[in-house]
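Asks: Kindly return the folded structure for what I paste below:
(one chain, ligands or ions: 2)
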Amino acid sequence: MSPPRLSTPEEYRKLVDSVDTFLLDCDGVIYHGPVVVPGVKKVLEMLRKENKRLIFVTNNASKSRRQYKATFDKLGIPVSENEIFGSAYASAVFLRKVLNFAEDKKVYVIGQDGLEQELESVGIKHVGGTDPEDRVFMDPFDFASIQPDPSVGAVLCGFDGWLNYKKLCKAYTYLNSDPNCHFLLTNQDKTFPTNGTTFPGSGSMSYPLVFALSGRREPTIIGKPNKHMMDAIIAEHQFDPKRALMVGDNLLTDIEFGINSGIRTLLVMGGVSLPEQVFGDNPSHVVPTYVMESLGDLAVLAE
Ligand SMILES: O=C(O)[C@H](O)[C@H](O)COP(=O)(O)O
Ligand SMILES: [Mg+2]
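Replies: Ligands and ions are numbered 1, 2, ... in the order given. Below is the predicted model:
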């Protein structure tokens, strides 16, 4: 049975009145790349006026909480750092609190400065990442320079616009030579929406490493739809799941995350997932509670 497709102010008002805590995905819900979704700013202002709790939950590990706050400030959307949960932050919390990562070990990072900043914020040493030595193209036969390193206690893969073969070879070597070296992905999104289309996401970036190690090493995934992201959220924010709503653009991350967390879900269009994946002849096994065209459509309640 297809979920209700909300489209009238009465339906919107009924939904908003039934929710105290909005967990809001970012890419594809709040903004598409650098552009805020039309109406969303007004909606967030309205929800704040109605004393709703807003928690921003993004799988995008390219930025730290601090960098996301700066991004939201630039977009004219007031948020506080502790309302933002990115998979970079959740990964750092997982390494520190769940794995109790050893002080004398370091993390090999496939990722950018935001991910490094979150590791530093919990006192975890890291290598790779933005190190210029690894942001290079490797001489095809320079394999002797790639050696195991017992001081690397984990490989953490996130969104990396400087991904290259040398980084993959180093990460592969650490994981292939030491079964105790943790294998973590910030998230496994296939694509992400921007500029009216989609591009390969973090899951597509780490896939070569996952494929090369398949059958021998399987990664732990931190971001949506996995529980580790919710663990990081509820460590800071208590809320009633019955009065919460997860709003997302991706059935396989956001909506499944809400379902796994026992929370109602709202799928909005225009991001990763398509209407036919919900209403078509061969719909996804992941079914949202509600569907709307855009979160911005709630702005009609603010008039
Ligand atoms: O590729 C990625 O890292 C993700 O697809 C992307 O950034 C998703 O971000 P979200 O929709 O969870 O804000
Ligand atoms: Mg999204």
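Asks: Report the buried residues of stretch 3-19.
Replies: Going by neighbour count (16 or more other C-beta atoms under 10 Å), the buried part of stretch 3-19 is 3, 6, 12, 15-16, 19. All C-beta spots, glycine's among them, are computed from the backbone N, C-alpha and C.
Asks: Taking these together, which two end up most distant?
Replies: P3 and V16 (17.3 Å; C-beta to C-beta).
Asks: before we move on, the earlier item: narrow the buried residues of stretch 3-19 to those in helices?
Replies: Residues of those located in helices (DSSP state H): 12, 15-16.
Asks: quick one: which of these is nearest V300?
Replies: For these, the nearest to V300 is Y12 (6.8 Å; C-beta to C-beta).
Asks: doesn't L295 make contact with the closest one?
Replies: No. Counting by C-beta atoms under 8 Å, Y12 stays clear of L295, with 10.4 Å between them.
Asks: For burial, what's the neighbour tally of the residue of the chain found nearest ligand 1?
Replies: Going by C-beta to the nearest ligand atom, ligand 1 is nearest to G201 of the chain, at 2.6 Å. The tally of other residues near G201 (other C-beta atoms under 10 Å) stands at 22.
Asks: Format the ones in helices among the buried residues of stretch 3-19 as TSV; extra columns: distance to ligand 2 and pLDDT.
Replies: Below are those laid out as TSV (distance: C-beta to the ion, whole Å; pLDDT from 0 to 100):
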residue	distance to ligand 2	pLDDT
Y12	21	98
L15	19	98
V16	21	98
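Asks: Would you map the strands across the stretch 51-200 of the chain?
Replies: For the stretch 51-200 of the chain, strands defined by DSSP state E, counting those that start in this stretch occupy the ranges 53-58, 84-86, 106-110, 125-128, 152-157, 182-185, 191-194, 197-200.
Asks: near ligand 1, anything from the first one?
Replies: Yes. With C-beta under 6 Å from any ligand atom as the threshold, strand 53-58 lies in contact with ligand 1, specifically through T58.
Asks: Spatially, what comes nearest to P38 if we skip its sequence neighbours?
Replies: G296 (4.9 Å; C-beta to C-beta, 6 or more residues apart in numbering).
Asks: hang on, that neighbour in a helix?
Replies: Yes. Using DSSP: H, G, I helix; E, B strand; the rest coil, the assignment for G296 is a helix.
Asks: Correct me if wrong: it contacts G39.
Replies: Yes. Counting by C-beta under 8 Å, G296 touches G39, with 2.6 Å between them.
Asks: who's more crowded, these two?
Replies: Applying other C-beta under 10 Å to G296 and G39 shows that G296 carries more neighbours, namely 21 against 16.
Asks: Relative to L47, which of the buried residues of stretch 3-19 is nearest.
Replies: V16 (7.4 Å).
Asks: my read: the closest one touches V43, true?
Replies: No. Counting by C-beta under 8 Å, V16 stays clear of V43, with 9.2 Å between them.
Asks: Count the residues that sit near whichever residue of the stretch 201-303 of the chain sits closest to ligand 2.
Replies: Nearest to ligand 2, among the residues of the stretch 201-303 of the chain, is D249, at 4.4 Å (C-beta to the ion). Number of residues near D249 (other C-beta under 10 Å) recorded here: 26.
Asks: who touches it in this structure?
Replies: Applying C-beta atoms under 8 Å, 6 or more residues apart in numbering to D249 gives the contacts 25, 27-29, 193, 267-273.
Asks: list the contacts for the nearest residue to it once chain neighbours are set aside?
Replies: Nearest non-adjacent residue to D249, counting by C-beta to C-beta, 6+ apart: G271, 2.5 Å away. When contacts are counted by C-beta under 8 Å, 6+ apart, G271 touches 27-29, 32, 193, 248-250.
Asks: switch to 10 Å and redo it
Replies: 25, 27-29, 32, 37, 191-194, 198, 248-250, 254, 294 (C-beta atoms under 10 Å, 6 or more residues apart in numbering).
Asks: Pick out the most distant pair among the residues you listed.
Replies: Maximum pairwise distance in these, criterion C-beta to C-beta, is 19.0 Å, between T191 and S294.
Asks: That'll do, ta.
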